[in-house]
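J.: Sequence and predicted structure are below.
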Amino acid sequence: MPKNLYVRAGIYWARFKVRGVEYRESLRTRSERVAVKRLALLREQVEDESVFGVAGPVSWADAVVSWSQRISTAVGAQTYTRYLCSLRQVRGHFDQLSVQQISADILKDLIKARRRAGVKNATIRRDLTAVSSVLDNAADEGWISDNPAVGLNRRRIVPERTERIVLPQDASIAMVFPRLVPRVRDLCEFTRETGLRLDEVTGLRHASIDRNERTITVEKGKGDKLRVVPLTKIAEAIIDRQPRYIGKPWVFWKDKGQRLTEVSSRLGDLTRRVAQKAAREEVEFHRFSHHDFRHLFAVEYLRSGRGSIYDLQGELGHSTITVTERYLAFLTPDQAKSAKSVMAQRGAHSPRFEAANA
């Protein structure tokens, strides 16, 4: 088979790269001799456009392939995975377009379509970030003069909604936990004790736990950042309750040692059923999610004087103190004053944390 040719369903196709972009196109012939001639003409046309600085139409799919080859080593694994997830969601809007056809109006149409589909604003902004990254690469390759996503005021077009903080109430927790799978219940308790995010807990490996130094190393936090948090007695006891699956690294696992998944959906389904039953019986119940235990950790941390607001920022892995300061609203004036000091009143531990470190 001659170079840069392959056969699909008996038809010859061209496949070659110019300036990092892979081109695939049907040569519409079953004859190898004709295919070789058409390949030469097609490649000459593409290379001429590239040399003279006038890019021919570059499909969105080809632009994503080129972007992927460059970006995969430039960002962390989690960021790259999030980008790919967003690009899969929007491909239906762009697959029939070339990058030259994508304008600010096209992007605004995408935003409207995603809103009609019930997609949250935060997700739409993530989608736009991924699309903008591809268009940045297209501009670098010379296929477009400017990135149309840069001119969009994303905060105005897709306003950011502040996450409402919900603290799980003990009475509501008591109505749910007895009916929850033990391992999922332990996972929620672990988040309440350590403040780790869901993917940080489900991705926790035994090798990341140092019992001598009393630390837990979060190897891939948000933004692929590494951080170290304390290993309390309660957190250690929760870990010890998990049977270890030989040959597998995960602390929280399922089936044959695979990483535990579907925690949010399990907890969400159960709290919904409990809420329905409570409504029928006219019993007070407040729904909560797994992430709300991270909020509870933060508030209990500050109320107990375990550390300052700056210490809490480090343990939660927040990039800015502004995000952490939301928890000050749940404190008394004296507690807030103490939390904002560089050295919080570490002696005023709550019974929970006294027991944790006894």
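T.: Received it, and whenever you're ready, just let me know what you need.

J.: all contacts plus neighbour counts: C-alpha atoms, from now on.
T.: OK.

J.: center of this protein - which residue?
T.: Note on the chain: the residue nearest the mean C-alpha position is Arg82, at 5.4 Å, using Cα atoms, centre = their mean.

J.: Please name every helix or strand in contact with the strand or helix carrying that residue.
T.: Assessed by DSSP states H and E, Arg82 sits inside helix 77-94. On a contact count with 3 or more Cα pairs under 8 Å, 6 or more residues apart in numbering; DSSP states H and E, helix 77-94 meets helix 121-140.

J.: now the residue nearest to the centre of the chain: how far from Lys222?
T.: Counting by Cα to Cα, to the nearest Å, the gap from Arg82 to Lys222 is 11 Å.

J.: on that earlier part again, contacting residues for the residue nearest to the centre of the chain?
T.: Contacts here follow Cα atoms under 8 Å, 6 or more residues apart in numbering; on that basis Arg82 touches nothing.

J.: separation between it and Arg88?
T.: Computed as Cα to Cα, the Arg82 to Arg88 distance reads 10 Å.

J.: swap in Ala207?
T.: 34 Å.

J.: quick one: low-confidence parts of the stretch 201-350 of the chain?
T.: Residues of the stretch 201-350 of the chain that meet the criterion pLDDT under 70 lie in 342-350.

J.: Quick check: chain neighbours aside, which residue is closest to Lys17?
T.: Spatial nearest neighbour of Lys17, excluding adjacent residues (Cα to Cα, 6 or more residues apart in numbering): Tyr23 at 5.9 Å.

J.: so that neighbour sits in a strand?
T.: Yes: looking at Tyr23 with DSSP: H, G, I helix; E, B strand; the rest coil, it is inside a strand.

J.: quick one, what contacts Gly92?
T.: With Cα under 8 Å, 6+ apart, Gly92 has no contacts at all.

J.: So for it, what's the pLDDT?
T.: With respect to pLDDT, Gly92 scores 89.

J.: how many other residues sit next to Val229?
T.: When neighbours are defined as other Cα atoms under 10 Å, Val229 has 18 of them.

J.: Repeat that for Gly247.
T.: Burial of Gly247 is recorded as 7 neighbouring residues (other Cα under 10 Å).

J.: Confirm it sits in a strand?
T.: No: applying three-state DSSP, one finds Gly247 to be coil, outside a strand.

J.: Confirm that Lys220 sits in a helix.
T.: No: secondary structure of Lys220 (three-state DSSP): coil, not part of a helix.

J.: ok, it touching Thr202?
T.: No: Lys220 is beyond contact range of Thr202, at 11.4 Å (criterion: Cα atoms under 8 Å).

J.: rewinding a little: number of nearby residues for the residue nearest to Lys17?
T.: So Tyr23, with other Cα under 10 Å, has 17 neighbours.

J.: which residues does it form a beta bridge with?
T.: Tyr23 has these beta-bridge partners by DSSP bridges: Phe16.

J.: hang on, isn't it packed against Phe16?
T.: Yes: if you go by Cα under 8 Å, Tyr23 and Phe16 touch, sitting 5.4 Å apart.

J.: Mind giving me the packing neighbours of the strand or helix carrying Glu315?
T.: Assigned by DSSP H and E, Glu315 falls within helix 309-316. Contact here means 3+ Cα pairs under 8 Å, 6+ apart; on that basis helix 309-316 packs against strand 227-230, helix 291-303, helix 321-324, helix 333-340.

J.: Tell me how far the last one lies from the chain's centre.
T.: In terms of Cα atoms, centre = their mean, to the nearest Å, the centre of helix 333-340 is set 33 Å apart from its chain centre.

J.: in it, what counts as buried?
T.: Across helix 333-340, burial judged by 16 or more other Cα atoms under 10 Å covers Gln335, Ala336, Ser338, Ala339, Lys340.

J.: what's the answer for the first one, then?
T.: Under the neighbour-count criterion of 16+ other Cα under 10 Å, strand 227-230 has Val228, Val229, Pro230 buried.

J.: swap in the third one?
T.: Of the residues in helix 321-324, those buried by neighbour count under the rule 16+ other Cα under 10 Å are Thr324.

J.: Numbering from 51 from now on, please.
T.: Happy to do that; since the first residue is 51 now, the last one works out to helix 371-374.

J.: Brilliant, that's me finished.
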